[in-house]
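Participant: sequence and computational prediction follow.
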Amino acid sequence: MKNLLLSILLLPLTTFAQLIVDTIPSNKNVILEEFTGIHCVFCPDGHVIAQSIQNTYPDDVFVLNLHTGGYATPSPGEPDFRITESDSIADISNLAGYPAGTVNRHQFSMTQGGGTAMGRGDWLAAASEILAQPSYINIGMLMQYDSITNVLIIDVELYYTDSTPVDGFGFSALNYLNVALIQDSVLGPQTGGQTYNPGAIVSGPWQPTYSHQHMLRAMPTGQWGEAVTNSPVGPGNFVFRRYVYPVPGDINDILFELDHIKAVGFVTESMQGEIITGTSVGIFQAPPPPPPPVAIIEVTPVINDGIVYDIYGRVVKELKKNTIYIKNNKKFIKF
């Protein structure tokens, strides 16, 4: 499924006109990776908290729900929302309980087991801390669907507003670009849903049926992304990449529904390192073409009888605003 066509440019902005990414220095955005499972009784409370943080910062916080671990193992007849990438991300987080989540894969003082995962009560404080930090790189994305070839075309642009940081040994950070596909409104069972997130309960085959959001479905760039730098990068540099992702009918027998698909892009320092910033987009819908101009038919009105006609010569008894009429051989508009 990872049949990707890639292109990359790393150029000064003066030689390549960017179309998507902002070139103004800005603070970091937050990527909240939430570890969850359909048999985790408290996970719906985590879903509510994560959604609340995203609702508070809709342009700056982006959520990925990763179904992983024992609580995500389906019983017979239940859907399997797990993918390998979710398991690997969970493995490097040192999570010690569910629900748990990482905020930009940063190691905070409140994280579990010396890793990056933390309990749901700490997500907001962690997100607020990250949002206050400047980012040396901006990211912009555009995703389109080609119905003829049945592929998603994902364009990603990076713009460096500052130089990549250098560690104490004089080595510059190597940046990796990650693109994830998430899906909203995936129906399935969920323990604790009625108690901790009753707003997500919908009609469906499970009792109860839960509407899962932000579910990680695929990572077109692979498990840990793809390197976009191999040497120090200074301000003003621009990176472009295009990914072509063949649209599957389903993944693990779970329908891949384009109406509910979004792309999340983020940049890390090193292959499994901290996330610097990220963004998310849905499938771009081109605006409909403007309607064709309305032809006004010239007619020869009836004699000067004082009667009002429309442009088709029909007698009008009630005048409408902003409409052309004819009376006594003269056109007029009712305002």
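Facilitator: Looks like it came in fine.

Participant: what number of residues lie near Asn65?
Facilitator: 28 (other C-beta atoms under 10 Å). In this view, the C-beta of every residue, glycine as well, is placed from N, C-alpha and C.

Participant: from Met215, how far out is it?
Facilitator: With distances taken as C-beta to C-beta, to the nearest Å, Asn65 is found 5 Å from Met215.

Participant: identify the contacts common to those two.
Facilitator: Ile182 (C-beta atoms under 8 Å, 6 or more residues apart in numbering).

Participant: not counting sequence-adjacent ones, nearest residue to Asn230?
Facilitator: Leu174 (6.5 Å; C-beta to C-beta, 6 or more residues apart in numbering).

Participant: quick one: contacts for that neighbour?
Facilitator: Ala227, Thr229, Asn230, Glu269, Ser270, Met271.

Participant: check it and give its pLDDT.
Facilitator: pLDDT for Leu174: 87.

Participant: tell me which element the nearest residue to Thr161 once chain neighbours are set aside is part of?
Facilitator: Using C-beta to C-beta, 6+ apart and skipping residues adjacent in sequence, the residue nearest Thr161 is Pro25, 4.1 Å away. For Pro25, there is no enclosing helix or strand under DSSP states H and E.

Participant: from Ile31, how far out is Pro25?
Facilitator: Taken as C-beta to C-beta, the span from Pro25 to Ile31 is 19 Å.

Participant: out of those two, which sits in the more crowded spot?
Facilitator: Ile31 (28 against 14).

Participant: show me what the helix or strand containing the more buried one is packed up against.
Facilitator: Assigned by DSSP H and E, Ile31 belongs to strand 30-36. For strand 30-36, the packing partners by 3 or more C-beta pairs under 8 Å, 6 or more residues apart in numbering; DSSP states H and E come out as helix 43-56, strand 61-67, helix 84-91, strand 100-103, helix 123-131, strand 275-282.

Participant: could you dump these to CSV with distance to Ala200?
Facilitator: Converted to CSV, the helices and strands packed on strand 30-36 look like this (distance: least, C-beta to C-beta, whole Å):
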stretch, distance to Ala200
helix 43-56, 7
strand 61-67, 12
helix 84-91, 20
strand 100-103, 17
helix 123-131, 18
strand 275-282, 20
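
Participant: and those, which is most packed in?
Facilitator: Of all these, strand 100-103 has the most neighbours on average by mean count of other C-beta atoms under 10 Å, namely a mean of 29.

Participant: so which elements touch that one?
Facilitator: strand 30-36, helix 43-56, strand 118-119, helix 123-131.

Participant: cutoff 10 Å now
Facilitator: strand 30-36, helix 43-56, strand 61-67, helix 84-91, strand 118-119, helix 123-131 (3 or more C-beta pairs under 10 Å, 6 or more residues apart in numbering; DSSP states H and E).

Participant: any chance of the ones you listed in CSV, plus mean pLDDT?
Facilitator: Converted to CSV, the helices and strands packed on strand 100-103 look like this (pLDDT from 0 to 100):
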stretch, mean pLDDT
strand 30-36, 98
helix 43-56, 98
strand 61-67, 98
helix 84-91, 95
strand 118-119, 96
helix 123-131, 98
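
Participant: so which of the ones you listed is nearest Asp167?
Facilitator: helix 123-131 (20.0 Å; C-beta to C-beta).

Participant: now do the closest one and strand 275-282, the angle between them.
Facilitator: 100 degrees (axes from the mean of the first three to the mean of the last three C-alpha atoms, to 10 degrees).

Participant: okay, now the domains of this structure?
Facilitator: 8-282, 287-335 (automatic domain parsing).

Participant: which of these is buried the deepest?
Facilitator: domain 8-282 (a mean of 18).

Participant: quick check: closest non-adjacent residue to Ile333.
Facilitator: Ile324 (5.6 Å).

Participant: these two touch, right, that neighbour and Val308?
Facilitator: No. Contact status for Ile324 versus Val308: not in contact, 11.0 Å apart, counting by C-beta atoms under 10 Å.

Participant: okay, strands next: where are they in the stretch 151-300 of the chain?
Facilitator: Per DSSP state E, counting those that start in this stretch, the stretch 151-300 of the chain carries strands over the ranges 151-160, 175-183, 186-188, 201-202, 209-212, 215-218, 226-227, 237-246, 250-251, 254-255, 261-269, 275-282.
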